[in-house]
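prediction below, plus the sequence it came from.
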Amino acid sequence: MNKETLSVQAQKAYVATMMKVVGGGLAAASRVDDTVQKELAALPEGFQVCMTVHPNGPSFFLRIGKNGVSEVIDTPVGKPELTIRFKHLAHAFLVFSFQEGTAQAFANDRMIADGSVSHAIRLVRCLNKMETLILPRLVAERAVKRYDAVPLTEKLTKAARIYGLVAKSLIAGN
């Protein structure tokens, strides 16, 4: 096996892990943060989101429940109303390794949204808020278009709750 193959396998493993963390993080943030919950509450109950890597790379599915609280699901019912698709594994790696923000990846044509653009923008705002809460400021500033400062006690409290819920879901196998 050559170095290039190992690199691609390592990227795929990393992106697959980050898909689980991001999907679980969004679901957890919808339980912990009012801003994320309000953004998602504007979507219809049962609305399904998919984030994936083209053509059949790692992915996660999220279903919006009552009052904007979401959950990670294994398989969507029918076609998700919104699919965010990275065009290549390397593009997903750039975003999930915080070398490029989500908005910049869209601007660089590395991702496509299959569904309503307004729903995609809403999801990106939720991703940005979650990243602002769970990432150290230095990393979050690279990941989001505009970093909105969060008081340290709020950031630490919400980050701990989000990470706790993500860990719980990963241990439970969801």
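Happy to help now that I have it. For clarity, every value in this text was computed on a predicted model and none was experimentally measured.

which SSE is the residue most central in space within the chain in?
The centroid of the chain falls nearest to residue 22 when counting by C-alpha atoms, centre = their mean (3.8 Å). Assigned by DSSP states H and E, residue 22 belongs to helix 3-32.

next SSE after that helix?
Using DSSP H and E, the helix or strand that follows helix 3-32 in sequence is helix 34-41.

buried ones in that next one?
Judged by neighbour count using 16 or more other C-beta atoms under 10 Å, the buried positions of helix 34-41 are 35, 36, 37, 39, 40, 41. For every residue, glycine as well, the C-beta is placed using N, CA and C.

mind putting those into CSV with distance to residue 121 and pLDDT?
Shown next, in CSV, are the buried residues of helix 34-41 (distance: C-beta to C-beta, whole Å; pLDDT from 0 to 100):
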residue, distance to residue 121, pLDDT
35, 14, 95
36, 14, 97
37, 17, 96
39, 10, 96
40, 13, 97
41, 15, 96
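
out of these, who's nearest residue 55?
Residue 55 has its nearest neighbour among the buried residues of helix 34-41 in residue 40, at 28.1 Å by C-beta to C-beta.

go ahead and confirm that closest one touches residue 70.
Yes - when contacts are counted by C-beta atoms under 8 Å, residue 40 is listed as touching residue 70 (5.7 Å).

spit out the residues that contact the two alike.
Shared contacts of residue 40 and residue 70 (C-beta atoms under 8 Å, 6 or more residues apart in numbering): 30, 64.

what's the local residue count around residue 111?
Residue 111: 24 surrounding residues under other C-beta atoms under 10 Å.

tell me the bridge partners for it.
With beta bridges defined as DSSP bridges, residue 111 has these partners: residue 86.

where does it land on pLDDT?
Residue 111 carries a pLDDT value of 95.

again, but for residue 148
Per-residue pLDDT puts residue 148 at 88.

could you measure from it over to residue 97?
Look at residue 148 and residue 97: by C-beta to C-beta, to the nearest Å, they are 22 Å apart.

and these two? which has more neighbours close in?
residue 97 (14 against 10).

and the gap between that one and residue 29?
20 Å.

so residue 76 sits against residue 47, correct?
No - contact criterion C-beta under 8 Å: residue 76 and residue 47 do not qualify, at 10.5 Å.
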